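Visitor: Okay, sequence plus prediction incoming.
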Amino acid sequence: MKQTITPCRVEGRIQLPPSKSMAHRLMICAGLADGTSRVAGLRDSKDMQATLQCLKALGARVTGDFPVLEIAGCNPVCRTEPATLDCNESGSTLRFMIPCAALSAAPAVFTGRGRLMERPMGVYANLFLEQGLRFDQGDGQILVQGPLQPGLFEIPGNVSSQFISGLLFAAGLMQGTTELAVLPPYESRDYVTMTVSALQTFGITVNQPTDHGYVIPGGQSYLPRDVQVEGDWSQAAFPAVLGALKGSVVLEGLNPHSLQGDKVIEDILRQAGVDVRWENDTLIVRHPMAGLKPLDVDLGPCPDLGPALCVLASFIPGQSVIRNAGRLRIKESDRIAAMEAELRKWGVDISSTEDTIVIQGRSGYRLDQPVTIDGHNDHRIVMAMAVFGWVAGSPSVIEGTEAVTKSWPDFFQDMTAVLKTEVLK
């Protein structure tokens, strides 16, 4: 699909979609509970469907319809038949569900699309090898076979936190105590904190004797709960950057006390000189009267903000540096390479190393002819380049916009709430 992007004035209110990160976690906890839970505030997307399908493959039952689902949980320890779990393109689903599926001695096959099955899985591969368990990755699938045993797991802290979260989901259902030791540097800690919060909501005890360690008693049961999913801070970054660069937006549905790591976008915008403030539980983001300040951002704790921050930096005169960005290269696309390729079509001065992005920004961009942008089959690239196009001085066309169905299917429709027709001169 193609979408024509026309520069617009920006003013209005927008309701943010529910947090994808928290929705995954709450649905998984509900799917493992001994009873029926009610999860409200959901929004349909391919990633949500992937997690639901995997829970069903393990034995959970799902009724109702978005935005409210009732999930009757299962105990994957008791699974006796082979299972196939289709994760589509959801890396969160894949890494969260592998340890849960491996609680049983019955084999489980994970499948996916796009680049999903190419993503690094060395943390799990090594762990399974140490326990003499099967972990076969190849031919577009991953086959695992347990049962995973409790014990001491040492996990590198500079890889995806989803490995840590996956083991936390499974640990309480094992029959002995599990200890997770996260080796420094511990990045993306906030995502693990979200997992621990979800587990505790569903009655799972997680002790934290140190800043880098978790101890989970075995033989526990998830308890059914009724829960509500809060707004998504990682998605909020796109309209927030739009407001910061061109006008004013009011963001609704966000939790000002959220545990989501991507809430740091609020602080990053303030450091850039953007007018950001809370009013009646809504976040207001306005383009400042004074000039914007170049960025110097550590992306380690918040990699999903990378594409939006590249757009922000492009419109700030001077040199901005985005550090510790290497994990962007192993997402749905190589997001560093993708943003370089598409921003250069607009004339943005952007360069990178394996781990760092440097952008020499300027106040505006205008081309004589509409530029055609490739979405790289990546929802965050599509949304970031749409924001760029709405701020820029001439039209563009984005190809592959269907990628937004992965996380925010109504992105373009929802954004019309803040986009006002502008006469180009």
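Guide: That came through fine.

Visitor: List of residues touching the longest strand along the chain?
Guide: As assigned by DSSP state E, the longest strand anywhere in the chain is strand 8-15. The contact list for strand 8-15 (Cβ atoms under 8 Å, 6 or more residues apart in numbering) reads 231, 239, 242-243, 246-253, 282, 390, 414-415, 417-422. C-beta: built from backbone N, CA, C; applies to glycine.

Visitor: how about T193, what does it touch?
Guide: T193 touches L259, counting by Cβ under 8 Å, 6+ apart.

Visitor: Not counting sequence-adjacent ones, nearest residue to A386?
Guide: When the adjacent residues along the chain are set aside, A386 lies closest to I5, with 5.6 Å between them (Cβ to Cβ, 6 or more residues apart in numbering).

Visitor: what residues are up against that neighbour?
Guide: Under the criterion of Cβ under 8 Å, 6+ apart, the contact partners of I5 comprise M385, A386, G389, W390, P395, S396, V397, I398.

Visitor: my guess is the second one contacts I398, does it?
Guide: Think A386. Yes. Counting by Cβ atoms under 8 Å, A386 does reach I398; the two are 6.2 Å apart.

Visitor: Which neighbours do the two have in common?
Guide: Contacts common to A386 and I398, judged by Cβ under 8 Å, 6+ apart, are Q3, I5.

Visitor: Which stretches in the stretch 151-300 of the chain count as helices?
Guide: Per DSSP state H, counting those that start in this stretch, the stretch 151-300 of the chain carries helices over the ranges 162-171, 189-201, 233-245, 265-271.

Visitor: what's the angle from the third one to strand 8-15?
Guide: What that stands for is helix 233-245. Interaxial angle of helix 233-245 relative to strand 8-15 (axes from the mean of the first three to the mean of the last three Cα atoms, to 10 degrees): 150 degrees.

Visitor: Could you list the buried residues of helix 233-245?
Guide: With burial defined by 16 or more other Cβ atoms under 10 Å, the residues of helix 233-245 counted as buried are 233-245.

Visitor: again with the last one
Guide: For helix 265-271, a neighbour-count test (16+ other Cβ under 10 Å) marks I265, E266, I268, L269 as buried.

Visitor: which of these lies closest to G375?
Guide: For the buried residues of helix 265-271, the minimum distance to G375 (Cβ to Cβ) is 21.9 Å, reached by I265.

Visitor: Against K2, how distant is that closest one?
Guide: From I265 over to K2 the distance is 28 Å, taken as Cβ to Cβ, to the nearest Å.

Visitor: cool, A198 as well?
Guide: The gap separating A198 from K2 is 38 Å, by Cβ to Cβ.

Visitor: what about the two, which has more around it?
Guide: A direct count of neighbours by other Cβ atoms under 10 Å for A198 and K2 places A198 higher, at 25 against 12.

Visitor: So that one is in contact with A30, correct?
Guide: No. Assessed by Cβ under 8 Å, A198 is found out of contact with A30, at 9.6 Å.

Visitor: quick one: contacts for the nearest residue to D136 once chain neighbours are set aside?
Guide: Leaving aside its sequence neighbours, D136 sits nearest to L143 (Cβ to Cβ, 6+ apart; 4.4 Å). Listed by Cβ under 8 Å, 6+ apart, the contact set of L143 reads P107, A108, V109, F110, R134, F135, D136.

Visitor: okay if I get the residues you listed as JSON lines plus distance to L55, secondary structure and neighbour count?
Guide: Converted to JSON lines, the contacts of L143 look like this (distance: Cβ to Cβ, whole Å; DSSP: H, G, I helix; E, B strand; the rest coil; neighbours: other Cβ atoms under 10 Å):
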{"residue": "P107", "distance to L55": "18", "secondary structure": "coil", "neighbour count": "17"}
{"residue": "A108", "distance to L55": "13", "secondary structure": "strand", "neighbour count": "27"}
{"residue": "V109", "distance to L55": "16", "secondary structure": "strand", "neighbour count": "17"}
{"residue": "F110", "distance to L55": "13", "secondary structure": "strand", "neighbour count": "24"}
{"residue": "R134", "distance to L55": "22", "secondary structure": "strand", "neighbour count": "13"}
{"residue": "F135", "distance to L55": "21", "secondary structure": "strand", "neighbour count": "19"}
{"residue": "D136", "distance to L55": "23", "secondary structure": "strand", "neighbour count": "14"}
